[in-house]
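K.L.:
Give the three-dimensional model of this entry:
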Amino acid sequence: MSVKELPVREAFARMPPDVAETLRPYLPLISEDVVAEIQHEVPEYARPDDATYMANLRTGVEQALSLFLDRIGRPAAGAAEVTETYEAIGRGEAYEGRTLDAFQSALRLGARVAVRRFNEVADISALPDYAPAVLVEAVFVHLDQIAAAATAGYAEAQLHAAGELQRRRDRLVEMVTSQPPAPEEAVVDLAHAARWPVPATLAVIVVDRPPEGPAPRPLLPPEFLTRFDAWPGRIVVPDPEGPGRARDIEQALRGHRAALGPTVPLTDGGRSLRWATAALGLARRGILPDEKVVRCADHLSVLLLFQDESMADALGDELLAPLRQIRSPHRERLAETLLCWLQCGRNASEVAAVLGIHPQTARYRLRQLDELFGALLQDADARFELELVLRVRQLRLPAA
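P.N.:
As a prediction, the model looks like this:
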């Protein structure tokens, strides 16, 4: 026998068995009194116009009292039924989105009314002196078991609901970041099922796995959708341009390497994810800064340049071929000078100032470049392409 069963057995075993038969004829009347008192004192149960709800309330009260009388003198009788019945009620309260506060209040009130009415109708003179006290004890032991069973059912339903809710939210992350985009109606339906307020816009953040040690998840606002079952982790931010959003993101991801994709319409999260993933890859290589969250909106030109590096390399191999005849490190200095000249509007004096070299040195390098590239430097399209490939080369230097 478990410790919890001992007081239950004692409370019911000490009650004279004939008490149950004495009280049973009064059960309908006592049930009505309990129902009336609960409706009067507990607002959540005051639904006189709801016939179905009232019938269920009466049935519940009658069942609780009937189970109690069944157990008098027979402690094991009804214990399993109490557990099964009230676990189901607890689950029902959870599924309806209610707390157990009203249910617990109704239990305590019902117990007080039942004890008072039991003592009024029982033939006290025919019972042992200890019977009233034992009756009270048995009622509250029965009450405790009902409350425990309802709480267990409620907790079980909450765990199940939380698990199902998380599964729906996981599917929602996949849906809003899918390519091609999912139909908007499907996204909205799943969002409602996942209890996620449908935003007008969203953005996707990708979070890198920490290089060493465990991988703690960022603490995020509840309206952010997350998937951290694989790395990089994904976060869907609703209405990313809203007030306080930038602060929420920076605070939650402090210490994490992450990239924030562009703000997009509801069904275009796949694009935001794609850009954020590309930005995170560039941050890993040192091409983009990784001290804080990298925002794609701040680095669109770099993302464009590195969208297809093999194409940039092919163009660079063709345009920068004249530099290959120059030995390193002078080749690198000439490439740096050429990029600076293109960026400075082909002004030799400004090139010298930007690079911190003597104007004579700048003019010497520019004459060399003119000899190497010739008419190519007079072509506007060629100068544009040269600047592109030299910019890609320059951005790669920190990583190298």
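K.L.:
Only C-alpha atoms from now on, for both contacts and neighbour counts.
P.N.:
Will do.
K.L.:
got the domain boundaries for the chain?
P.N.:
The chain resolves into domains spanning 5-163, 198-305, 321-399 when parsed by automatic domain parsing.
K.L.:
can you give me the end-to-end distance of the second one?
P.N.:
The reference is to domain 198-305. 34 Å (Cα to Cα, to the nearest Å).
K.L.:
Any idea which of the domains of the chain gets closest to residue 313?
P.N.:
domain 321-399 (7.5 Å; Cα to Cα).
K.L.:
circling back to that earlier point, quick one: closest of the domains of the chain to residue 312.
P.N.:
With Cα to Cα as the measure, domain 321-399 is the member of the domains of the chain nearest residue 312 (6.2 Å).
K.L.:
top helix in this protein by residue count?
P.N.:
The helix spanning the most residues in the chain, taking DSSP state H as the definition, is helix 131-176.
K.L.:
Low-confidence regions, the stretch 1-150 of the chain specifically.
P.N.:
Residues of the stretch 1-150 of the chain that meet the criterion pLDDT under 70 lie in 1-11, 53, 73-79, 122-131.
K.L.:
where along it do the helices fall?
P.N.:
Using DSSP state H, counting those that start in this stretch, the helices assigned to the stretch 1-150 of the chain run over residues 5-13, 18-23, 27-41, 51-71, 79-95, 101-121, 131-176.
K.L.:
right, and those helices - which one's nearest residue 224?
P.N.:
Across the helices of the stretch 1-150 of the chain, the minimum distance to residue 224, taken as Cα to Cα, is reached by helix 131-176, at 9.9 Å.
K.L.:
In terms of secondary structure, what does that closest one contact?
P.N.:
Packed against helix 131-176, as judged by 3 or more Cα pairs under 8 Å, 6 or more residues apart in numbering; DSSP states H and E, are the following elements: helix 5-13, helix 79-95, helix 101-121, helix 184-193, strand 225-227.
K.L.:
Of those, flag the one that's most buried.
P.N.:
Using mean count of other Cα atoms under 10 Å, the stretch among the helices and strands packed on helix 131-176 with the greatest mean number of neighbours is strand 225-227 (a mean of 20).
K.L.:
Run through the neighbouring helices and strands of that one.
P.N.:
Counting contacts by 3+ Cα pairs under 8 Å, 6+ apart, the secondary-structure elements packed against strand 225-227 are helix 131-176, strand 233-238.
K.L.:
mind putting these in TSV, distance to residue 308 and mean neighbour count included?
P.N.:
Conversion of the helices and strands packed on strand 225-227 to TSV gives the following (distance: least, Cα to Cα, whole Å; neighbours: other Cα atoms under 10 Å):
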stretch	distance to residue 308	mean neighbour count
helix 131-176	25	19
strand 233-238	24	22
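K.L.:
how close does residue 59 sit to residue 202?
P.N.:
From residue 59 over to residue 202 the distance is 49 Å, taken as Cα to Cα.
K.L.:
How about residue 247?
P.N.:
Spatial separation of residue 247 from residue 202 under the definition Cα to Cα is 16 Å.
K.L.:
the more surrounded of these two?
P.N.:
When neighbours are counted by other Cα atoms under 10 Å, residue 247 and residue 202 differ, and residue 202 comes out ahead with 24 against 9.
K.L.:
Which secondary structure state does that one sit in?
P.N.:
Secondary structure of residue 202, reduced to three states by DSSP: H, G, I helix; E, B strand; the rest coil: strand.
K.L.:
Just give the nearest non-adjacent residue to it, would you?
P.N.:
Distances taken as Cα to Cα, 6 or more residues apart in numbering put residue 238 closest to residue 202, at 4.5 Å, once the chain neighbours are dropped.
K.L.:
Likewise for residue 32?
P.N.:
On the basis of Cα to Cα, 6+ apart, the spatially nearest residue to residue 32 that is not a chain neighbour turns out to be residue 58, at 7.5 Å.
K.L.:
so how far is residue 220 from the one you found?
P.N.:
For residue 58, the distance to residue 220 (Cα to Cα) stands at 45 Å.
K.L.:
repeat for residue 45
P.N.:
In this structure, residue 45 and residue 220 are 37 Å apart, going by Cα to Cα.
K.L.:
Residue 289 now?
P.N.:
Applying Cα to Cα, one obtains 23 Å for the distance of residue 289 from residue 220.
K.L.:
same thing with residue 41?
P.N.:
Plainly put, residue 41 is 41 Å away from residue 220 if you go by Cα to Cα.
K.L.:
do residue 24 as well
P.N.:
Per Cα to Cα, residue 24 is found 57 Å from residue 220.
K.L.:
now do residue 312
P.N.:
If you go by Cα to Cα, the gap between residue 312 and residue 220 works out to 38 Å.
K.L.:
again with residue 258
P.N.:
Note on residue 258: its distance to residue 220, by Cα to Cα, is 14 Å.
K.L.:
Rebuild the domains of the chain as TSV, extending it with distance to residue 169.
P.N.:
Putting the domains of the chain into TSV (distance: least, Cα to Cα, whole Å) gives the following:
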stretch	distance to residue 169
domain 5-163	10
domain 198-305	7
domain 321-399	37
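K.L.:
And those domains: which comes nearest residue 170?
P.N.:
Taking Cα to Cα as the criterion, domain 198-305 is the member of the domains of the chain that comes nearest to residue 170, at 6.4 Å.
K.L.:
How far away from the center of its chain is the closest one?
P.N.:
The chain centroid and the centroid of domain 198-305 are separated by 15 Å, computed with Cα atoms, centre = their mean, to the nearest Å.
K.L.:
same question, stretch 54-68
P.N.:
Relative to the centre of its chain, stretch 54-68 is centred 40 Å away, using Cα atoms, centre = their mean.
K.L.:
Buried ones in it, by neighbour count?
P.N.:
Counting neighbours by 16 or more other Cα atoms under 10 Å, one finds that the buried residues in stretch 54-68 are 54, 57-58, 60-62, 64-68.
K.L.:
which two of these lie the greatest distance from each other?
P.N.:
Across the buried residues of stretch 54-68, the longest distance by Cα to Cα is 21.4 Å; it joins 54 and 68.
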